[in-house]
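Colleague: Build me a structure from this.
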Amino acid sequence: MNYQVLIADDYRMIRQMFEEIIKGAGGRYSLAGTVDNAEEAITFCRFHKVDLVVMDVVMGSGMDGIDAAAEIKKFSPNTKVLIVTSMPESSFIRRAKEAGVHSFWHKEVQDAPLLDVIDRTMDGESVYPNAMPEVWFGNTVSTSLTDRELDVLHGLVGGASNSEIAGDLGISERSVKQHITDMLNKTGFRSRLQLAVRARGDGIVINDCHTV
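Modeller: Take a look at the predicted model:
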């Protein structure tokens, strides 16, 4: 069977690389099209037959790839979605599963070649990494942060106050302050502002992708 594949990524070089993979797959796949943002991916799937969407998460401004996947699944439940990313954002895997994304592939740390993941996905398998990649975050690594510390960090990146973070997470302000102190001790950063700026810059928290 010949599957129609849509590629959605805002980097031209990445799109071209993915195109070559699809074109060189021995006739099992055909390139349905390429787009550079999530909104165009949704529109394309509404008006064309697409069996698989290979889509990045963060594509400039506007909707992100995971939200677009959820939207596509609403009107085209048989279209499979493979999310790709180079970001170590901790919430992406959870959000992708909640959105009905079939498989997930990390550009920088490849447990398997992309074509292998595509083949397994189209054969009915759901392929996910066990965890997001580990990156240095100050004096520590991103995986040393607890889930609750990451929750607090999302709030910091979003500009929330301690009281707002406490209300969102259902914990006390004292607990929020302690988590911030613990992260500062782990990372060696001097302030909550530096903590937030570095988390956003290093891709550990992508706040504009609805991770709060």
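Colleague: which parts of stretch 4-22 are buried?
Modeller: Within stretch 4-22, the residues that qualify as buried by neighbour count (16 or more other Cβ atoms under 10 Å) are 4-9, 14-15, 18, 21-22. For every residue, glycine as well, the C-beta is placed using N, CA and C.
Colleague: Strands - which of these land there?
Modeller: Among the buried residues of stretch 4-22, the ones falling in strands (DSSP state E) are 4-8.
Colleague: Out of the buried residues of stretch 4-22, give me the two with the largest separation.
Modeller: When the buried residues of stretch 4-22 are compared pair by pair using Cβ to Cβ, the two farthest from each other are Gln4 and Ile14, 19.6 Å apart.
Colleague: would TSV of the buried residues of stretch 4-22 with pLDDT and distance to Arg46 be doable?
Modeller: Written out in TSV, the entries for the buried residues of stretch 4-22 read as follows (pLDDT from 0 to 100; distance: Cβ to Cβ, whole Å):
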residue	pLDDT	distance to Arg46
Gln4	97	14
Val5	97	17
Leu6	97	11
Ile7	97	17
Ala8	96	14
Asp9	94	19
Ile14	91	24
Arg15	93	20
Phe18	94	21
Ile21	93	25
Ile22	94	21
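Colleague: so which of these comes closest to Gly124?
Modeller: Gly124 lies nearest to Val5 out of the buried residues of stretch 4-22, by Cβ to Cβ, at 16.5 Å.
Colleague: ok, that closest one touching Arg28?
Modeller: No. Between Val5 and Arg28 there is no contact, the gap being 9.8 Å when judged by Cβ atoms under 8 Å.
Colleague: what residues are up against the most centrally placed residue in the chain?
Modeller: Here the mean C-alpha position of the chain is nearest to the C-alpha of Phe92 (Cα atoms, centre = their mean), at a distance of 4.0 Å. When the contact criterion is Cβ atoms under 8 Å, 6 or more residues apart in numbering, the partners of Phe92 are 57, 66, 83, 85, 104, 132, 209.
Colleague: Please indicate which of the residues you listed has the highest neighbour count?
Modeller: For those, neighbours were counted using other Cβ atoms under 10 Å, and Ile66 has the most, 29 neighbours in all.
Colleague: the inter-axis angle of the helix or strand where that one lies versus strand 3-8?
Modeller: When elements are assigned from DSSP states H and E, Ile66 belongs to helix 65-75. Orientation note: helix 65-75 sits at an angle of 140 degrees relative to strand 3-8 (axes from the mean of the first three to the mean of the last three Cα atoms, to 10 degrees).
Colleague: by contact count, what packs against whatever helix or strand comes next after helix 65-75?
Modeller: Towards the C-terminus, the helix or strand next in line after helix 65-75, according to DSSP H and E, is strand 80-85. Judged by 3 or more Cβ pairs under 8 Å, 6 or more residues apart in numbering; DSSP states H and E, the packing partners of strand 80-85 are strand 52-56, helix 65-75, helix 92-98, strand 103-106, helix 114-122.
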